[in-house]
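# Build me a model from this:
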Amino acid sequence: MPLRLYNTRTRSVEPFRPLHGERVHVYVCGLTPSAEGHVGHARSFLFFDVLRRYLEHPRNGFQVTFVKNVTDIDDRSIATAQREGTTYDRIVARYYDSFTQSMERLGVRPADREPFATKAIPEIQLMIDRLVESGHAYASRDGIYFGVETFADYGKLSGKKVDELLIGARIEENEDKRNPLDFALWKFAREGEPAWPWRAGSPNDGTSAWAGRPGWHIECSAMIADEFGMETIDVHGGGYDLVFPHHENEIAQSESLMPQQPQPRLLANFWLHGGLLNFDGRKMSKSLGNFEPLSALLDRHDPFAIRLLFLQTGYRKPMNFTEDSIGAATTALRRLQAAAAELRRPPQVASEGAREAPDKEPQQLRDAFFAALDDDMDTSRAAATLFYVATRAKGYVAAGKGVETLAFVREAAAILGIGPAFADDVLDRTSAEPPERLLPADLPRRLSARLGDALHLNGESPEAAIQAVIDARTAARKNKDFALGDRLRDALAAEGIALKDSKDGTTWTAAGE
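Numbers count the residues shown, from 1 in each chain. Sure, this is the predicted structure:
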């Protein structure tokens, strides 16, 4: 079955079919380096890194052109520069370099191309000129605005209606526009702010006074057009918070200039958006005291454990990042590494201990892993196949299938971006110091989140929560509700807990034991 992805544009899961043969064009809204990057930024870019890896994997075999922009001029970088008595470009360089280093530590591959907004000023101005000429934009006292009423499909991505948006909308004192919903394409020069002259040869009147800087939304539209032409790209992505107004406005600007006959031409075929992330149950904010720079977080935690933590939640779901959760992910990663180290042993010298016979062949594991990714990049279910291996590593070795199973583990880890954690030199150190058994303190909460209404847990210890799930599964199987039974088992497997059924009942083991 082909890869299927949730398309925000159609609000449905659809088969992914490239528009340009085997080549896939992907554009992701990148960083605005006006402050330190945080773990919320990392989650979004990590997902698109995994998607890119899977698209390029031989199973799909696509040739991906991955473009991620840098918004290197905006109100915040200017404000920070003014506050620190420096220039905006120095602010951008500082935070861009820091975030780039953090992405490298997390194993996020660099984009094929990374255009900067300030390097695309000619392309931005050309697009604005065309929007003015076509009647979609107009110059006012303080800047150039896009007229929302000129684009009939405004709101189609987010599902918002113009009439509803107008309720409560207002025009700020420093704005001079015709409609409260109109948005800035270009901001005329203001004292103390950087400005660029308008391009020579512009066909529009008054351009001699149009020196200034671009608005946020037009930057992406212009850079997409410059990188891929005025053609529909395969994938446009970003965080869920960008659906409105940023991506909605991109569509309005770009599609207003794209041919719509004999059939409508879209800016992007698939729109993919990652879920939001909270830190300790709240939005990250310096004022709330729960903000930590990503670079500092990486100094305290294994970057691959952070990746594994994100993989255990579906990319579209909201997620809560806590110290307990990253601690649990670190333990889970160590268990996976211990299992991979075990798989390298020859059958005749396999370590002693439980050798539960696995009921899945390595190829079945591989099939299950890819089936999970094909189902809207369900990395949580895909990672569960690795935890299954972790609970039965000795059994695979005893059956003479350790090498084949390790090959699967490494292939899967490479796609998920945690491959370096399973290199031989890393596993050598893991073998010398196996991890202790440790259940994460927030395991009951995480199981509750996975199971929803299927099972209510009320403050149990981790061990008691596991037993409650086992008891619920036993009852479900007794009632012949095998779908619920499988769901309960899979929830435990996703947390590295494997079940063993026997005539005496069901027992459990944690990954790596």
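
# so where is the stretch 351-500 of the chain shaky, pLDDT-wise?
351-357, 432-442, 459-460 (pLDDT under 70).

# Can you list the residue ranges for helices in it?
Under the criterion DSSP state H, counting those that start in this stretch, the stretch 351-500 of the chain contains helices at 362-374, 379-391, 393-398, 402-416, 424-432, 443-451, 462-478, 482-494.

# Redo those helices as TSV? Include distance to residue 278.
Backbone N, C-alpha and C define where each C-beta goes, glycine included. Conversion of the helices of the stretch 351-500 of the chain to TSV gives the following (distance: least, CB to CB, whole Å):
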stretch	distance to residue 278
helix 362-374	25
helix 379-391	18
helix 393-398	35
helix 402-416	23
helix 424-432	31
helix 443-451	13
helix 462-478	22
helix 482-494	20
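
# So for residue 141, which of those helices sits nearest?
helix 379-391 (49.8 Å; CB to CB).

# how far is that closest one from where the chain is centred?
Here helix 379-391 shows a centroid-to-chain-centroid distance of 20 Å under the convention CA atoms, centre = their mean, to the nearest Å.

# do stretch 333-345 as well
On CA atoms, centre = their mean, the centre of stretch 333-345 falls 27 Å from that of its chain.

# same question, stretch 261-275
19 Å.

# Save the helices of the stretch 351-500 of the chain as CSV, and put in mean neighbour count and distance to residue 68 too.
Shown next, in CSV, are the helices of the stretch 351-500 of the chain (neighbours: other CB atoms under 10 Å; distance: least, CB to CB, whole Å):
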stretch, mean neighbour count, distance to residue 68
helix 362-374, 18, 21
helix 379-391, 24, 20
helix 393-398, 25, 37
helix 402-416, 20, 19
helix 424-432, 13, 29
helix 443-451, 20, 30
helix 462-478, 18, 39
helix 482-494, 19, 30
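
# So residue 103 belongs to a helix, correct?
Yes. Under DSSP: H, G, I helix; E, B strand; the rest coil, residue 103 sits within a helix.

# How about it: what's its closest non-neighbour residue?
residue 45 (6.5 Å; CB to CB, 6 or more residues apart in numbering).

# could I have the helix or strand encompassing that neighbour exported to CSV, CA atoms only?
Here residue 45 sits within helix 39-56, counting by DSSP states H and E. Taking Å, rounded to 0.1, in the frame of the first residue of the first chain, the C-alpha atoms of helix 39-56 are listed here in CSV:
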residue,chain,number,x,y,z
VAL,A,39,12.2,22.2,21.6
GLY,A,40,8.9,23.2,19.9
HIS,A,41,10.9,24.2,16.8
ALA,A,42,12.8,21.0,17.0
ARG,A,43,9.7,18.8,17.0
SER,A,44,8.5,20.3,13.7
PHE,A,45,11.8,20.0,11.9
LEU,A,46,12.4,16.5,13.2
PHE,A,47,9.2,15.3,11.7
PHE,A,48,10.0,16.7,8.3
ASP,A,49,13.5,15.2,8.5
VAL,A,50,11.9,11.7,9.1
LEU,A,51,9.5,12.3,6.2
ARG,A,52,12.3,13.2,3.9
ARG,A,53,14.3,10.2,4.9
TYR,A,54,11.3,7.9,4.2
LEU,A,55,10.5,9.5,0.9
GLU,A,56,14.1,8.9,-0.2
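
# what's downstream of that helix, the next helix or strand?
Following helix 39-56 in sequence, per DSSP H and E, is strand 63-68.

# Give the rounded mean pLDDT of that following strand.
When pLDDT is averaged along strand 63-68, the result is 98.

# Quick one: list the elements packing against the very next helix or strand once past that strand.
On the C-terminal side of strand 63-68, the closest following helix or strand by DSSP H and E is helix 75-84. Here helix 75-84 touches helix 88-105, going by 3 or more CB pairs under 8 Å, 6 or more residues apart in numbering; DSSP states H and E.

# which residues sit against whichever helix or strand comes after the helix it packs on?
Downstream of helix 88-105, the next assigned helix or strand under DSSP H and E is helix 121-133. Residues outside helix 121-133 that contact it (CB atoms under 8 Å, 6 or more residues apart in numbering) are 117, 137-139, 144, 146, 185-186, 196, 198-199, 202-204, 214, 218-219, 221-223, 225-226, 253, 256-257.

# So residue 9 sits against residue 273, correct?
No. Under the criterion of CB atoms under 8 Å, residue 9 makes no contact with residue 273, lying 10.3 Å away.

# And the two? Which one has more around it.
residue 273 (22 against 18; other CB atoms under 10 Å).

# and the more buried one, that's in a helix?
No. The secondary structure assignment for residue 273 gives strand rather than a helix, going by three-state DSSP.

# residue contacts, the residue lying closest to it once chain neighbours are set aside?
Excluding the flanking residues, the one nearest residue 273 by CB to CB, 6+ apart is residue 240, at 4.5 Å. Residue 240 sits next to 273-276, 316 when contact means CB under 8 Å, 6+ apart.

# Just among the residues you listed, which is most surrounded?
residue 274 (26 neighbours).

# who's in contact with the residue nearest to that one when sequence neighbours are not counted?
By the measure of CB to CB, 6+ apart, the closest residue to residue 274 outside its immediate chain neighbours is residue 44, 4.6 Å from it. Residues counted as contacts of residue 44 (CB under 8 Å, 6+ apart) are 28, 238-239, 274.

# From those residues, which land in strands?
Of the contacts of residue 44, the ones assigned to strands by DSSP state E are 28, 238-239, 274.

# Compare the residues you listed and tell me which has the most neighbours.
Going by other CB under 10 Å, residue 274 tops the ones in strands among the contacts of residue 44 with 26 neighbours.

# still on that earlier bit, with respect to pLDDT, which of the contacts of residue 240 ranks lowest?
The pLDDT minimum for these sits at residue 276, where the score is 87.

# Surely it touches residue 238?
No. Look at residue 276 against residue 238 with CB under 8 Å: they stay out of range, at 11.7 Å.

# intersection of neighbour lists for the two?
Common neighbours of residue 276 and residue 238 (criterion: CB under 8 Å, 6+ apart): none identified.

# for the helices of the stretch 351-500 of the chain, which one sits closest to residue 248?
helix 379-391 (27.6 Å).

# Would you mind getting the angle between that closest one and helix 443-451?
130 degrees (axes from the mean of the first three to the mean of the last three CA atoms, to 10 degrees).

# Can you give me the buried ones in stretch 164-183?
The neighbour-count check on stretch 164-183 (16 or more other CB atoms under 10 Å) flags 165, 175, 177, 179, 181-183 as buried.

# Those residues in helices, which ones?
residue 165 (DSSP state H).

# any idea which of the buried residues of stretch 164-183 is least confident?
The member of the buried residues of stretch 164-183 with the lowest pLDDT is residue 175, at 82.

# Distance check, the residue lying closest to it once chain neighbours are set aside against residue 129.
Spatial nearest neighbour of residue 175, chain neighbours left out: residue 142 (6.4 Å); criterion: CB to CB, 6+ apart. Noted for residue 142: a distance of 18 Å to residue 129, by CB to CB, to the nearest Å.

# coming back round to it: as a markdown table, the contacts of residue 44 with distance to residue 122 would be great.
A markdown table is the format used below for these (distance: CB to CB, whole Å):
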| residue | distance to residue 122 |
| --- | --- |
| 28 | 23 |
| 238 | 25 |
| 239 | 29 |
| 274 | 32 |
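
# and of the residues you listed, the nearest to residue 111?
Comparing the contacts of residue 44 against residue 111 with CB to CB places residue 28 closest, at 7.8 Å.

# Quick check: the gap between the closest one and residue 188.
Taken as CB to CB, the span from residue 28 to residue 188 is 30 Å.
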